[in-house]
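> quick one, what's the 3D model for this:
(chains A and B)
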Number of protein chains: 2
Amino acid sequence: MATAEARAKELENHHNDCLVQLSNPNIATMKEDVLYHFSLSTSTHNFPAMFGDVKFVCVGGSPSRMNSFINYVAVELGLGRPGDEYPNICAGTDRYAMYKVGPVLSVSHGMGIPSIAIMLHELIKLLYHARCSNVTIIRIGTSGGIGLEPGSVVITRQAVDACFKAEFEQLVLGKRVVRSTDLDEQLVQELLQCSVDLSEFTTVVGNTMCTLDFYEGQGRLDGALCSYTEKDKQAYLRAAHAAGIRNIEMESSVFAAMCSMCGLRAAVVCVTLLDRLQGDQISSPHEVLVEYQQRPQRLVGYFIKKSLRQP
Amino acid sequence: MATAEARAKELENHHNDCLVQLSNPNIATMKEDVLYHFSLSTSTHNFPAMFGDVKFVCVGGSPSRMNSFINYVAVELGLGRPGDEYPNICAGTDRYAMYKVGPVLSVSHGMGIPSIAIMLHELIKLLYHARCSNVTIIRIGTSGGIGLEPGSVVITRQAVDACFKAEFEQLVLGKRVVRSTDLDEQLVQELLQCSVDLSEFTTVVGNTMCTLDFYEGQGRLDGALCSYTEKDKQAYLRAAHAAGIRNIEMESSVFAAMCSMCGLRAAVVCVTLLDRLQGDQISSPHEVLVEYQQRPQRLVGYFIKKSLRQP
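Got it, this is the predicted structure:
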């Protein structure tokens, strides 16, 4: 325990240059900032005291998975015991759940680009108000694989859109704005090295396609709507594979774009629940899926432990 | 109790012509259909027995709000008592929550187009497998108003995009598909009449803008990112108002498009939590916001009660 905390302190003292930045001059002039979807406010909560020591933020879709993660990482870092309970910092709302242990914050983000974007706006403001520095943020999620054994873990090289472009497009005041979806290359290599150290499951580096829909948007044949054939689907997925895409999910592009604009070192680590070349339905037994979902947690938990140990 | 149930039976017998339709020929040929995000499957659950009598589906972002709604509507219809508990039918997952009482199903959908789209694909398949007929579906949500007193309720005439067009655009196999966002005009008038009957709060009919982002996508000045001025924002919101837009939320366009394609009579009823011409932050006291959020529930609860009473 003492070691991890001391190391976190050290990081804090050495990297004050890498403060979390906002790309909005208005926030500094506001008397109060209500983070509505977290049910937190700068006038009722002391952000520097609550969050000032945060160095690692892990985010994922499901609130219960993010609760499991904080338990897991607490034990890994020697900051807690199995079965310890951690209060939900966002207990005043059911939009998101947030847990903290030592330098690690674990936050749920729901499903899809809009849902994670709301969370990231408020999370990045939270880290700014708390004067956090040198923060690494990692999305630990689930995805559909392309040409990979189910249970494989993909570390994202580039987040790409449904046309395979490394771009995130958004409408701002009704006008199209395009942002790059760059992720930290060094962090990809560090995470890959961790998977080699662990050698518990297959891990690959590849591009990740981020879509706005789970059914038609990912070429599934089993939604309420479908107007194409198995052949069309296979052609699309094989073209994606040829473009270096190894998995498909629904949050990575806006995550990469926003983190990059605010100076956060960011990575995406997702397990694949099925191989989309073989089918569309997620029908593996519950226990198998639960074990798959623990893999990104184990990889990222190990990465955090290793980062806190090394100078 | 007897009256409401008898009326539901009557509706069932009279309207077998209005079965819920899928726009996908593949589903009829599948041996099993796993509704993954509901943790339900046709091979483990008897859908006709569980859901065959559903006539009204109400959906909203927050799981706890949809739980409150089922309690409220159960009491209104004489099918339950205050404080009764209703099991979460989707207890096997934390992606969505689902509750049922008599002919009413209440389902949460999270935030944003992708999140509600996943839910709607699986919900529409659920209603199809259950052989439901003559179903009305209503989104009861929260929104930001434009030029309305906070707490006003907006019944959506048309769902429009961030360019004020009544269209929902989607990428299918990487290609742009545009769908109309028509809603049922008669249902709008019936709901408006209910608000007149109730006369508890201001209710208007207007267009609803549906965006992919809560901060930049809605012209807010208080996100982590913002590259425009108060003047730009005001010009955008005033142009929206001139185009008949009275509120902004994040789900109505895909909701309208999908329900219309599958033959579901659909409406959107949202309360406005603030007037966006006056500000961006949602900073009203918690109790005030809770009361606002009950207004769409009261209106729709009354509508259901009235529908079940009338022949």
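> and residue A:92, helix, strand or coil?
The three-state label given to residue A:92 by DSSP: H, G, I helix; E, B strand; the rest coil is coil.
> then residue A:295?
Secondary structure, three-state DSSP: residue A:295 is helix.
> and the strands in the stretch 151-300 of chain A?
Applying DSSP state E, counting those that start in this stretch to the stretch 151-300 of chain A gives strands spanning A:153-160, A:167-172, A:175-180, A:203-210, A:245-249, A:265-275.
> tabulate those strands (JSON lines), appending mean pLDDT.
Listed next are the strands of the stretch 151-300 of chain A as JSON lines, based on pLDDT from 0 to 100:
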{"stretch": "strand A:153-160", "mean pLDDT": "98"}
{"stretch": "strand A:167-172", "mean pLDDT": "97"}
{"stretch": "strand A:175-180", "mean pLDDT": "98"}
{"stretch": "strand A:203-210", "mean pLDDT": "98"}
{"stretch": "strand A:245-249", "mean pLDDT": "98"}
{"stretch": "strand A:265-275", "mean pLDDT": "98"}
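> and the residue nearest to residue A:244 when sequence neighbours are not counted, how many residues sit next to it?
Once flanking residues are discounted, residue A:244 sits nearest to residue A:207: 4.4 Å by C-beta to C-beta, 6 or more residues apart in numbering or on different chains. (Glycine included, C-beta is placed from N, CA and C.) Residue A:207 has 23 neighbours, counted by other C-beta atoms under 10 Å in any protein chain shown.
> residues in contact with residue A:207?
The neighbourhood of residue A:207, defined by C-beta atoms under 8 Å, 6 or more residues apart in numbering or on different chains, consists of A:156, A:157, A:158, A:159, A:160, A:164, A:166, A:243, A:244, A:245, A:246.
> ok, the third one to chain B distance?
This means residue A:158. Residue A:158 sits 16 Å away from chain B, going by C-beta to the nearest C-beta, to the nearest Å.
> does that residue touch residue A:208 like I think?
Yes: at 7.5 Å, residue A:158 counts as touching residue A:208 under the criterion of C-beta atoms under 8 Å.
> more neighbours, these two?
Per other C-beta under 10 Å, whichever of residue A:158 and residue A:208 has more neighbours is residue A:208, with 28 against 25.
> coming back round to it: by neighbours, which of the contacts of residue A:207 wins?
In those, the most neighbours by other C-beta under 10 Å go to residue A:156, 31 neighbours.
> low-confidence stretches in chain A?
Chain A contains residues with pLDDT under 70 at A:1-17, A:311.
> touching, residue A:70 and residue A:102? I think so.
No: assessed by C-beta under 8 Å, residue A:70 is found out of contact with residue A:102, at 10.1 Å.
> between those two, which one's more packed in?
Using other C-beta under 10 Å, the more surrounded residue of residue A:70 and residue A:102 is residue A:70, with 25 against 22.
> for the spatially most central residue of chain A, which three-state class applies?
By C-alpha atoms, centre = their mean, chain A has its centre lying nearest to residue A:139, at 1.3 Å. Three-state assignment for residue A:139 (three-state DSSP): strand.
> residues near the closest residue to it other than its chain neighbours, how many?
Nearest residue to residue A:139, sequence neighbours excluded (C-beta to C-beta, 6+ apart): residue A:268, at 4.7 Å. Per other C-beta under 10 Å, the neighbour tally for residue A:268 reads 32.
> thanks again, I'm all set now.
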